[in-house]
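missing the sequence, but the structure's below:
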Ligand SMILES: Nc1ncnc2c1ncn2[C@@H]1O[C@H](COP(=O)(O)OP(=O)(O)OP(=O)(O)O)[C@@H](O)[C@H]1O
Ligand SMILES: Nc1ccn([C@@H]2O[C@H](COP(=O)(O)O)[C@@H](O)[C@H]2O)c(=O)n1
Ligand SMILES: [Mg+2]
């Protein structure tokens, strides 16, 4: 059995829908490297980089950081991972993210995972996350929901038109969501292996 392709799956869904939680499960069961765009941006702030203040301000406002910054971080992480299967979490957040990533890396996702979850449930989850994130407050959460509807959903619709979107009901308990995730990853890895 030979894995022929460099595989990358995007994971773009609403804030608090459970992407990070399920990525940890997917890594354990399917051997992907998890690359969270948000985590990479937060690490860049902590590193004291010259872009740190700009990134911090944008995250506080729930805005999308310019693609060149995020893509550079993703490219570096891809190179350093030594893996050929990536789960790119929180990306692409807008059309600029999508087009720039595909142009720069020449990587197209095999599929795009979309977690369908109500705003009420996502808000509840974010307000009780307790991980000290500066954007887990009601003002930023509302701004992030607006950005998601206006900028991120159109990208999901783009991939849907290419039949790449796999939608999951993410309003259920963690274990039940993972059962649905497993079905998608199992059937995909069977297709990708010859
Ligand atoms: N299915 C679920 N049911 C209940 N709580 C959940 C579920 N999935 C995740 N959570 C909890 O909700 C919170 C947000 O989850 P997580 O951080 O995985 O979301 P996310 O989609 O990565 O959010 P963000 O876009 O802000 O990074 C966490 O406290 C997590 O433990
Ligand atoms: N492609 C991205 C991803 C994230 N951001 C910024 O980070 C914030 C947190 O992202 P999470 O994925 O951890 O929820 C997000 O609200 C954006 O401000 C980004 O700019 N571009
Ligand atoms: Mg997350």
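That came through, no problem. Keep in mind the model is a prediction, meaning the values are calculated, not measured. Ligands and ions are numbered 1, 2, ... in the order given.

mind checking the pLDDT average for the host helix or strand of residue 79?
In this assignment (DSSP states H and E), residue 79 forms part of helix 67-81. Per-region confidence: helix 67-81 scores 96 on mean pLDDT.

next: stretch 27-46.
For stretch 27-46, the mean per-residue pLDDT is 96.

quick one: check that stretch for contact with ligand 2.
Yes. Counting by CB under 6 Å from any ligand atom, contacts between stretch 27-46 and ligand 2 involve 36, 37, 38, 41. To be clear about C-beta, it is placed using only N, CA and C from the backbone, and glycine gets the same treatment.

rewinding a little: what comes up buried for the helix or strand that the helix holding residue 79 is followed by?
As assigned by DSSP H and E, the chain's next helix or strand after helix 67-81 is strand 85-89. Of the residues in strand 85-89, 85, 86, 87, 88, 89 count as buried by neighbour count, 16 or more other CB atoms under 10 Å.

contacts for the helix or strand bottoming out on mean pLDDT in the chain next, please.
Least confident helix or strand of the chain, by mean pLDDT, DSSP states H and E, is strand 7-11 with a mean of 77. Contacts to strand 7-11, defined as CB atoms under 8 Å, 6 or more residues apart in numbering, come from residues 19, 23, 32, 84-92, 107-113, 159, 188, 192.

now which of these would you call buried?
Among the contacts of strand 7-11, the ones that count as buried by 16+ other CB under 10 Å are 19, 23, 32, 85-92, 107, 109-113, 159, 188.

how about stretch 24-40 and ligand 1, touching?
Yes. Using CB under 6 Å from any ligand atom, stretch 24-40 reaches ligand 1 at residue 38.

now what about that stretch, what contacts it?
For stretch 24-40, contacts defined as CB under 8 Å, 6+ apart pick out 9, 19-20, 23, 59, 70, 73-74, 77-78, 81, 83, 85-91, 93, 178, 181-182, 185, 189.
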